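Chemist: Structure, please.
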Amino acid sequence: MKSKWHFVGYPLCVAAAFAAGGLVMKARRGEVGLGERTGGVAEETGPRGVSGEGEAAKRGVELSGEWMRLEIDCVALGESEGQLAAGRVLVRFGELVEQDPAGALVFVEKMKRYGIAGRLLEVMAEQLPLERAGEFIRLLGAVDLDHVPVSAQYTFFARVWARDGLDGAMKLFASLPGATARGFVDNAIHGLAEREPKLAIEYAASMAEGVKRTRFLHFIAQVLGRRDPAAAREWMASLKGEEAAAARSGFVMSRLAEDPMGALRSASEWDVTLDKNSQLKLAMRLAIHRPLTEVESAIRGLSGSEAVQQLLPALVIQLAEQDGARAAGVVALMENKQARQSSAEMLMARWSGVDPAAALSWLSESSPELIGVALLNPSTVRNLAGFAPEAMAELSRHLTIMDASMPAFVEIGRAMAAKDREAAAAWCRGLETAKAAAAAVEGVMRALTANGTGPEALGLVGGFPVGSEMRVQAVRVLGEAAFRFPEGVSRVESGLSGEDLGTYREAAGEVVAWRSLPGDVLGKIEDSVVRGGGTVIGARRQVEQWAKTQPAAAAEWLKGSPDGGWVNGVAQAAVGSWFGREPMEAAKWVGALPEGRLRSAGALVIARGLVKSDPEMAREWLQQAGGHPERAGVQAALDAGR
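Modeler: Residues are numbered from 1 along each chain as shown. The predicted model follows:
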């Protein structure tokens with residue numbers, strides 16, 4: 001009940017408060033209209049029909065007390081305005097504006113530092129007597145117009161314009177000081193365009209040519225296009241150049257909701273360039289327009305227009321949610337290669353998850369460039385490989401061999417092995433490049449080691465040539481599986497040849513060593529390698545990131561870990577971060593290490609740091625480095641710094 005009261009009761013109370021306040025204000029308008037106002041305080045007739053100074057003085061004291069109470073309420077609201085309390089304050093303020101306009105102006109000036117001030121200005125703009133217009137303008141200048149609600153500006157301008165006409169209103173607003181006045185006038189003009197677009201057109205014609213006038217014409221076209229499209233077209237025919245383009249853009253935007261097909265035809269007719277947000281809005285309206293055949297017909301008829309070409313990617317986004325085949329038809333109309341490729345990739349990622357058969361059929365008949373781009377998206381490959389692995393293996397020949405395409409080979413290999421291990425192995429052997437074949441083997445082996453490291457996985461390793469990239473990768477995946485199945489390490493070792501043992505032990509040693517990492521790091525690795533089906537490379541990056549943030553702890557962990565090439569990255573991350581914070585401590589730690597890969601990696605990091613901070617010490621390191629593989633790099637850095 002409490003939550004319902006909070007979300008339902010409060011808004012209802014606020015609405016009731018405002019409604020009641022409106023009735024009170026209307027009643028007071030009727031009463032006060034019988035008399036006249038003097039000095040901001042209404043002269044009231046006493047019980048016997050005689051005006052008296054005593055009554056006026058008494059009323060002044062009462063108003064003073066009312067303003068004090070209202071000030072206490074406003075200050076109490078603070079920065080977090082309660083809806084109910086704020087509603088009561090605004091209703092009471094509206095009543096007092098009519099009774100004491102001079103006091104209201106003073107009150108808002110006092111309240112300008114509080115969050116409620118903007119809402120008080122909105123009430124005042126609606127109800128302040130227009131004979132106080134000059135004082136209101138001066139108040140706005142004092143409040144800082146950047147924080148004056150636009151609605152208050154629109155409302156007050158419309159009231160002054162209705163009384164004094166455009167020239168009189170502009171003369172009044174021009175009295176504001178400096179740039180603030182100009183900003184207020186510009187905002188107020190938009191209020192005029194909303195209420196009287198024809199007068200706004202007249203004013204725009206009187207403005208100096210430039211960006212402000214161009215933007216104003218764009219806004220007028222938006223307003224007039226909603227109200228009277230025919231009149232808007234007639235007016236825009238008189239415009240030229242950038243002003244015509246701006247107005248036409250505004251007109252197209254005005255038709256988005258009521259006539260999206262008309263907006264599309266207008267955009268094509270004038271070759272209007274819409275911003276991204278407007279493109280999405282128009283595309284959304286077209287996508288939900290029924291029947292879609294009408295939209296497709298129009299798009300095909302207008303596809304030669306540059307404006308429609310710019311709209312097509314946004315339309316694909318909208319249609320992809322409803323009908324992938326229709327969206328694919330729009331992709332085929334795209335003339336821009338980059339837009340066509342990016343739209344196809346996005347479409348396939350969504351479509352392949354909803355209707356993989358239709359998506360695969362369309363993709364198979366597409367150009368090689370679209371196939372290659374679509375298969376770079378992990379979602380697309382995962383969805384389609386699970387549905388038809390053999391077909392995806394055939395399409396993989398359109399992939400360009402690069403790092404970004406390797407995940408596709410991994411995923412296809414995984415899906416094929418889950419269905420037919422022998423066919424998967426044959427596909428791997430038939431791939432033209434060693435890099436792609438190794439990635440495919442990785443996927444196959446991941447499928448075979450998902451539930452353990454049994455004889456099938458060992459048998460597949462033996463089917464690849466000794467020393468080939470495929471065999472090395474297969475052995476590595478077996479070693480990585482030790483993270484999930486450490487109990488099978490000895491059995492796997494006994495089933496491998498001597499050529500494979502070094503690779504296996506290094507891979508297995510790394511992942512088994514991860515089991516001794518702190519719990520938070522180990523949890524991330526388990527999510528990546530076990531539950532997320534990720535790669536050891538991604539998990540290793542997480543370990544290196546931990547080594548950077550906790551270098552001392554990582555250094556101690558490294559001392560107890562088995563040797564291997566993977567040590568380099570973690571050691572360099574840990575020692576590099578440690579050396580940046582405490583160079584002496586890091587150097588001492590590295591110097592105390594026994595000969596080996598860990599000491600070499602740490603020494604290299606320190607040597608590179610010394611090149612910048614202490615070149616002489618770096619030279620001493622070079623003399624002792626002997627045949628260190630990175631000696632030449634440190635020497636080159638030293639030579640460059642001379």
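Chemist: Where does the spatially most central residue of the chain sit, in terms of helix or strand?
Modeler: Centroid check for the chain by CA atoms, centre = their mean gives Asn277 as the closest residue, at 13.4 Å. Asn277 belongs to helix 276-287 when assigned by DSSP states H and E.
Chemist: what helix or strand is Ile220 on?
Modeler: Applying DSSP H and E, one finds Ile220 within helix 211-227.
Chemist: What helices and strands are in contact with that helix?
Modeler: helix 178-195, helix 197-206, helix 229-236, helix 241-254 (3 or more CB pairs under 8 Å, 6 or more residues apart in numbering; DSSP states H and E). Every C-beta, even on glycine, is put in place using the N, C-alpha and C of the backbone.
Chemist: lowest-confidence stretch among the ones you listed?
Modeler: For the helices and strands packed on helix 211-227, mean pLDDT drops lowest on helix 178-195, to a mean of 59.
Chemist: those strands in this structure, which residues are they?
Modeler: For the chain, the strands defined by DSSP state E cover 37-38, 41-42.
Chemist: Phe216 is in contact with Met207, correct?
Modeler: Yes: shown here, Met207 and Phe216 form a contact pair, counting by CB atoms under 8 Å, at 6.9 Å.
Chemist: who has more neighbours, these two?
Modeler: Remark: of Met207 and Phe216, Phe216 carries more neighbours, 23 against 14, as counted by other CB atoms under 10 Å.
Chemist: roughly how far apart are the more buried one and Asp164?
Modeler: 21 Å (CB to CB, to the nearest Å).
Chemist: Ok, Glu480 next?
Modeler: Counting by CB to CB - Glu480 and Asp164 are separated by 82 Å.
Chemist: Glu55 now?
Modeler: As judged by CB to CB, Glu55 and Asp164 stand 34 Å apart.
Chemist: comparing the strands of the chain, which gets the lowest mean pLDDT score?
Modeler: Among those, strand 37-38 scores lowest, at a mean of 32.
Chemist: Now do the same for the residue nearest to the centre of the chain: its pLDDT.
Modeler: pLDDT, Asn277: 79.
Chemist: contacting residues for it?
Modeler: Counting by CB atoms under 8 Å, 6 or more residues apart in numbering, Asn277 touches no other residue.
Chemist: Relative to Gly168, how far out is it?
Modeler: Distance from Asn277 to Gly168, counting by CB to CB: 38 Å.
Chemist: got it, and Glu66?
Modeler: 33 Å.
Chemist: Compare neighbour counts for the two and give me the winner.
Modeler: Glu66 (17 against 13).
Chemist: Look up the pLDDT of the residue nearest to the more buried one when sequence neighbours are not counted for me, please.
Modeler: Among residues not flanking Glu66 along the chain, Leu96 sits closest, at 6.0 Å (CB to CB, 6 or more residues apart in numbering). pLDDT, Leu96: 88.
Chemist: Contacts only, for Leu96.
Modeler: Contacts of Leu96 (CB under 8 Å, 6+ apart): Leu63, Glu66, Trp67, Leu70, Gly103, Ala104, Phe107.
Chemist: Can you get me the start-to-end distance on stretch 118-135?
Modeler: 17 Å (CA to CA, to the nearest Å).
Chemist: Buried residues, it. List them.
Modeler: By 16 or more other CB atoms under 10 Å, the buried positions in stretch 118-135 come out as Gly118, Arg119, Leu120, Leu121, Glu122, Val123, Met124, Ala125, Gln127, Leu128, Arg132, Ala133.
Chemist: With respect to Ser577, which of those residues is nearest?
Modeler: If you rank the buried residues of stretch 118-135 by distance to Ser577 using CB to CB, Gly118 comes first, at 49.3 Å.
Chemist: out of the buried residues of stretch 118-135, what pair is the most spread apart?
Modeler: Arg119 and Ala133 (20.2 Å).
Chemist: State the phi and psi torsions of the residue lying closest to Val75 once chain neighbours are set aside.
Modeler: What sits nearest to Val75 in space, not counting adjacent residues and going by CB to CB, 6+ apart, is Tyr114, at 6.7 Å. Here is the backbone geometry of Tyr114 (degrees, to the nearest 10): phi -100, psi 160.
Chemist: can you check Gly304 too?
Modeler: Gly304 adopts backbone torsions of phi -80, psi -10, taken as degrees, to the nearest 10.
Chemist: how near is the residue nearest to Gly103 when sequence neighbours are not counted to Glu95?
Modeler: Using CB to CB, 6+ apart and skipping residues adjacent in sequence, the residue nearest Gly103 is Trp67, 5.7 Å away. Using CB to CB, Trp67 is found at 12 Å from Glu95.
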